[in-house]
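*Asks:* Pasting a predicted model and its sequence here:
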Amino acid sequence: MTRTVLLTGISGFIAKRIAHDLLQKGYHVKGSLRSMTRADEVREAVGPVGPGRLTFVELDLTRDDGWTGAMDGVDVLMHTASPFPMADPKHEDDLIRPAVDGTLRAMRAAHAAGVTRVVLTASVASIAYSARTDGHCYGPGDWSDLNWPGSSPYIKSKTLAEKAAREFAAGHPGVQLTTVHPGLVCGTPMDRNYGTSLRLIKRILGGRDPAQPDLPIAVVDIEDVSALHIRAMEDDDAIGLRLIASDDVLSFVEIARTVAEAYTGRKISARKAPWLLLKLLSFFDPTVRGILPQIGAGFALDVSASLPFLDGGFVPAREAVLRSARFIDAQSGG
C-alpha cells in the first residue's frame, strides 16, 4: 500500500526537495501551504507526477483550522514548516511561538488521527550552541544552552520546538518521532524561490561585504537533508534518533574563500572582519550583537549516528556551497 505523507511547509526550500524525492520514490504527498496561491509554484518545482499523487491543504502554524481534515488518509507527518529569518525579529516570541505552537499543533492533530510516524525538521541550532570552550564535539546527546548570550531567537525557537516535540512523544508512547538537524543548507534548489539559506551565498557571490565574520556554521547539501528525512521515515532503526545533517563546520570566511577561488573575476572579499569592528556594530545592530559570542568559536559535530542512513556519506561542504553559487550565478545570467 502506497504511503501518504503530510509535508508541512511544502513551499519551503528544503520541503520542495523532499517532496520531489518522495514523489520520485512513489509516495503520495499532501503538502501544506499558508496560501493556495503557491500551489502552482510547488507543482512546477517538483515536476510532473501522476493524478492525485500531489495534493495541497491550506494550514497555518498559528491556527487550528484545517489540521484535523488535513490528516485524512495520512500515514506519516513530516513537519518542516518553521520560520528562518535573515535577521532577528523585534520580539523573540514572534519566532519562538509559531515554531513551538506549530509543532505541537501538527503533532496533536497527527496523534488524534492515529498517525504515529513523525519526522521533524529540527536544526544543529538545538544541539551545538553553548559556552563550552573545551573542544567538545557536539552530538545527539547535547542540547544548546538557552541561557548562553549567543542564543539567538532562532536558536531558542528550534531548541524549544524540538523539546516540545520530544516531550509530546514521551507523553504519548505510540508516537514514533525522529528529528533531522541540518546546519546551513546549501546545494542546488528546486527553483528560484530558495529562501534564507541561499541568500547568504548570494550575498557573498555578489561581493556586498568588505569582510566576513569569523562565524562558524555547519554546512550540508540539500540532497542529504532530503535523504535523511526519507530514510528516517522508512527505517525503524531511526525512531527516536536525532540525526545531525552536516558534512563540516565552515566559517563565513572559509565559505567566502571557497566562492572567491571559484569566481576569480568577482570582487568577493574573504577578509576576516575585525572583532572590534563587529563589537562597534553590535551597539547598533541586534543581529550582530547576537552573534558576537559565536565569533571565532569553532565547533565540531559527531554525525556518526546519521551516516548509516546515507548512501556514501555526505556531499562535501565546499561542493555544497559551490552548487549553490553555480545555481545563483546561472540564474543571474553569469
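*Replies:* Structure's in. What do you need?

*Asks:* Flag the shaky bits of the stretch 51-200 of the chain, pLDDT-wise.
*Replies:* Along the stretch 51-200 of the chain, the model assigns pLDDT under 70 to residues 83-90, 133.

*Asks:* quick one: contacts for residue 331?
*Replies:* By Cβ atoms under 8 Å, 6 or more residues apart in numbering, residue 331 lies in contact with residue 192. Bear in mind the C-beta positions are built from the backbone N, C-alpha and C, glycine included.

*Asks:* separation between it and residue 202?
*Replies:* From residue 331 over to residue 202 the distance is 9 Å, taken as Cβ to Cβ, to the nearest Å.

*Asks:* now swap in residue 235 and tell me
*Replies:* On the measure of Cβ to Cβ, residue 235 and residue 202 end up 35 Å apart.

*Asks:* Can you get me a residue count around the residue lying closest to residue 53 once chain neighbours are set aside?
*Replies:* Excluding its sequence neighbours, the residue lying closest to residue 53 (Cβ to Cβ, 6 or more residues apart in numbering) is residue 28, at 5.1 Å. Taking other Cβ atoms under 10 Å as the criterion, the count of residues near residue 28 is 20.

*Asks:* Bridged to residue 28, which residues?
*Replies:* Listed by DSSP bridges, the beta-bridge partners for residue 28 are residue 4.

*Asks:* and residue 211, what pLDDT?
*Replies:* Residue 211 carries a pLDDT value of 88.

*Asks:* Hmm, it is touching residue 275, no?
*Replies:* No. Counting by Cβ atoms under 8 Å, residue 275 is not a contact partner of residue 211; they are 11.1 Å apart.

*Asks:* more neighbours, these two?
*Replies:* Neighbour totals were compared for residue 211 and residue 275, and residue 211 leads with 16 against 13 (other Cβ under 10 Å).

*Asks:* For residue 185, give me phi and psi.
*Replies:* phi -90, psi 120 (degrees, to the nearest 10).

*Asks:* Show me where the chain has its helices.
*Replies:* Remark: helices of the chain, listed N- to C-terminal, are 13-24, 39-46, 67-70, 93-112, 153-171, 195-205, 222-234, 252-262, 275-282, 286-291, 317-331; assignment by DSSP state H.

*Asks:* contact partners of the second one?
*Replies:* With contact meaning Cβ under 8 Å, 6+ apart, helix 39-46 is reached by 10-11, 16, 19-20, 23, 31, 33, 54, 56, 190-191, 193.

*Asks:* repeat that for 6 Å
*Replies:* 10, 11, 16, 19, 20, 23, 56, 190, 191 (Cβ atoms under 6 Å, 6 or more residues apart in numbering).

*Asks:* got the angle for it vs helix 13-24?
*Replies:* Between helix 39-46 and helix 13-24, the angle formed by their directions is 70 degrees, by axes from the mean of the first three to the mean of the last three Cα atoms, to 10 degrees.

*Asks:* With just CA atoms, put helix 39-46 into CSV.
*Replies:* These are the backbone C-alpha positions of helix 39-46, laid out as CSV (Å, rounded to 0.1, in the frame of the first residue of the first chain):
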residue,chain,number,x,y,z
ALA,A,39,0.5,25.6,-5.2
ASP,A,40,1.4,26.1,-8.9
GLU,A,41,4.9,27.1,-7.8
VAL,A,42,5.4,23.8,-6.0
ARG,A,43,3.9,21.8,-8.8
GLU,A,44,6.3,23.4,-11.3
ALA,A,45,9.3,22.9,-8.9
VAL,A,46,8.8,19.2,-8.2
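
*Asks:* Can you give me the neighbour number for residue 48?
*Replies:* Neighbour count of residue 48, defined by other Cβ under 10 Å: 8.

*Asks:* what stretches of the stretch 201-334 of the chain score poorly on pLDDT?
*Replies:* Of all residues in the stretch 201-334 of the chain, those with pLDDT under 70 make up the ranges 282, 286-287, 290, 333-334.

*Asks:* returning to what we had before: got a ChimeraX select line for the buried ones in the contacts of helix 39-46?
*Replies:* The following ChimeraX line selects those of these that are buried, judged by 16 or more other Cβ atoms under 10 Å:
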select :10,11,16,19,20,23,56,190
